[in-house]
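Student: Take this sequence and fold it.
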Amino acid sequence: MKTRPAHSANFRRIVLVVFTVTIFSARVFAGVENDVTKASVVGDGKTVNTAAIQKAIDDCAAAGGGTVRFPAGRYVTGTIELKSNVVLHFDDQAVLLGSTNPADYRNLDPFTDGSGNPLGHALVVAIDADHVGMEGAGTLDGQGTALKANERSFTMRPFLVRLVRCTNVVVRDVHLTDPGAWTLNMFQSKDVLVENVTIRSRDGGLRNNDGVNIDSCESVQVRGCDVVSGDDALVIKSTSPVPSSDIFASDCKLSTKTNAIKLGTESYGGFENIRISNCQVSDTKMAGIALYNVDGGNLANVTISNVTMDGVVVPISIRLGARLKTFRDGEQAKSAPGSLANITIKNVNAKNVGWIGMLINGVPGHDVGPLTLENIRIEVPGGGTVEEAKAQLKENEATYPEYDMFGKTMPAFGIYARHVNGITVKNVETVALKPDARPATVFIDVKDANPAHLVEQSTSDK
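Tutor: Have a look, this model is predicted:
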């Protein structure tokens, strides 16, 4: 292990980030309120209303904007497109049902995801729109499980809500469930508020059912949301050259089959000025916090704080890699890894952990850091052996980043850090609940490490 005390100014740097989000009232357009039942829209749960709902939206926009209201009922539709100055309002007991016929969906902005799958179809979509949103106590149900049963290959997997290059967006109070792919996706949008939204996309058994999915956006607030998702719960991506920047998320409950709080995997444009706080993570099958930057962008100035975790495999997983993938036609892949720097993770408490406390990895010649870990307590299962302590992990520089990309045999039970330049560890404790023959911490090619305030790692026979 190569370590030395840190006297660099990097550790004394103060980054002041100002988050500004323009938030409009979802009922600001008082001039027009269209009740869809007065526009030949039938809420019987059977009639496909795509054309009638679209006409109600278009008429509202043509009149200068307002609210398209769905009273109690079950309204089946294919793809509908929101227009500028139009808000959808769903009364309690109003359900917008995605059609189970694949032919009823359109793809207005095609792209591929991190695994190479074609995506972009959606139930509700807005393109280049200003002052749009949805609100109310009702439900948007994509019926993704039933749609899959009617599509042999299930390659057409519609998002539930997709907002592309939109400005001044509010999504508030609605219940979102059973999408074909990502639940709520914003791409290259600016000034967005997502508040008190409930997402349930886990039980259908479908893949790629992210919860709140923010992609190449600027000035976004997510607060008070309750997400139980099949894929990443709160995820920030950058599938385009535009970085995701000035993103603030707080007071969310997150549970998922994959990662709870994630930056990446798609990371072409990078990430700037991200702050996530006061979140509860539970019953999560991969990482609680995952920071993955692998497509050549720069990930900088990220603070994650005040997070409790109960039931995760790896609480903190960080990876700077060299996959170097693109996601849209005509884009040129980056020639080298970007950077992953100025990261602070603090005030984290994790229990019922399945594996190791933290994985922190760069690649040779491209280091993670500076990185600050502060006020963190993690209970790991322990029980590691002397043979496991000898494990040498492969670099896997271009592999899809995930918590298990290096295998499941770890040479440490607390922190494994490799290719890091600048790490401050203050008041961090990893407690092994069974005696463990492995060391608590393994540092490989780590420079400018500051362990002065490290709480001694410990084992326990609890």
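Student: Tell me the buried residues in whichever strand or helix holds Cys279?
Tutor: Using DSSP states H and E, Cys279 sits within strand 271-282. Under the neighbour-count criterion of 16 or more other C-beta atoms under 10 Å, strand 271-282 has 271-277, 279-282 buried. Any C-beta I mention is one placed from the backbone N, CA and C, and that applies to glycine too.
Student: Pairing partners for that strand, with directions?
Tutor: Partners of strand 271-282 in the sheet, by DSSP bridges, are strand 244-250 (parallel), strand 253-256 (parallel), strand 298-312 (parallel).
Student: List just the one of the ones you listed that sits closest to Ala146.
Tutor: Ala146 sits nearest to strand 253-256 of all the strands paired with strand 271-282, at 22.3 Å, using C-beta to C-beta.
Student: related to what we said a few turns ago, just checking, next helix/strand downstream of the strand holding Cys279?
Tutor: Taking DSSP H and E, what comes next after strand 271-282 is strand 287-293.
Student: Going along the chain, name the strands of the stretch 1-150 of the chain.
Tutor: 33-35, 44-48, 66-70, 73-77, 80-82, 86-90, 94-98, 106-112, 118-127, 130-135, 139-141 (DSSP state E, counting those that start in this stretch).
Student: if I pick Thr139, what's in contact with it?
Tutor: Taking C-beta atoms under 8 Å, 6 or more residues apart in numbering, we find Thr139 in contact with 90, 94-96, 174-177.
Student: If we use 6 Å, what do you get?
Tutor: Listed by C-beta atoms under 6 Å, 6 or more residues apart in numbering, the contact set of Thr139 reads 95, 175.
Student: roughly how far apart are it and Glu331?
Tutor: Per C-beta to C-beta, to the nearest Å, Thr139 is found 37 Å from Glu331.
Student: Residue for residue, what is the longest helix the chain has?
Tutor: When the chain is parsed with DSSP state H, its longest helix is helix 50-62.
Student: on that earlier part again, turn the buried residues of strand 271-282 into a markdown table, including distance to Val425 and pLDDT.
Tutor: Shown next, in a markdown table, are the buried residues of strand 271-282 (distance: C-beta to C-beta, whole Å; pLDDT from 0 to 100):
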| residue | distance to Val425 | pLDDT |
| --- | --- | --- |
| Phe271 | 23 | 98 |
| Glu272 | 25 | 98 |
| Asn273 | 24 | 98 |
| Ile274 | 21 | 98 |
| Arg275 | 21 | 98 |
| Ile276 | 20 | 98 |
| Ser277 | 20 | 98 |
| Cys279 | 22 | 98 |
| Gln280 | 24 | 98 |
| Val281 | 21 | 98 |
| Ser282 | 26 | 98 |
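Student: out of these, who's nearest Cys252?
Tutor: For the buried residues of strand 271-282, the nearest to Cys252 is Cys279 (4.8 Å; C-beta to C-beta).
Student: Okay, helices next: where are they in the chain?
Tutor: 50-62, 144-149, 386-389.
Student: What is the longest strand anywhere in the chain packed up against?
Tutor: Across the chain, the longest stretch assigned as strand under DSSP state E is strand 415-432. On a contact count with 3 or more C-beta pairs under 6 Å, 6 or more residues apart in numbering; DSSP states H and E, strand 415-432 meets strand 358-361, strand 371-380, strand 441-453.
Student: Packing partners of the last one?
Tutor: The contact analysis (3+ C-beta pairs under 6 Å, 6+ apart) places strand 441-453 against strand 415-432.
Student: which of the residues in the strand it packs on are buried?
Tutor: Neighbour counts using 16+ other C-beta under 10 Å place 415-426, 428-432 of strand 415-432 among the buried residues.
Student: now the angle between strand 441-453 and it, please.
Tutor: Counting by axes from the mean of the first three to the mean of the last three C-alpha atoms, to 10 degrees, strand 415-432 points 70 degrees away from the direction of strand 441-453.
Student: and the direction of strand 415-432 versus that of strand 371-380, what angle?
Tutor: Using the same axes, to 10 degrees: strand 415-432 against strand 371-380 is 40 degrees.
Student: avg pLDDT for strand 415-432?
Tutor: With pLDDT averaged residue by residue, strand 415-432 scores 96.
Student: Likewise for stretch 89-98?
Tutor: 98.
Student: now the end-to-end length of it.
Tutor: Using C-alpha to C-alpha, to the nearest Å, the end-to-end distance of stretch 89-98 comes to 17 Å.
Student: One more: stretch 74-84?
Tutor: First-to-last residue span, stretch 74-84, C-alpha to C-alpha: 25 Å.
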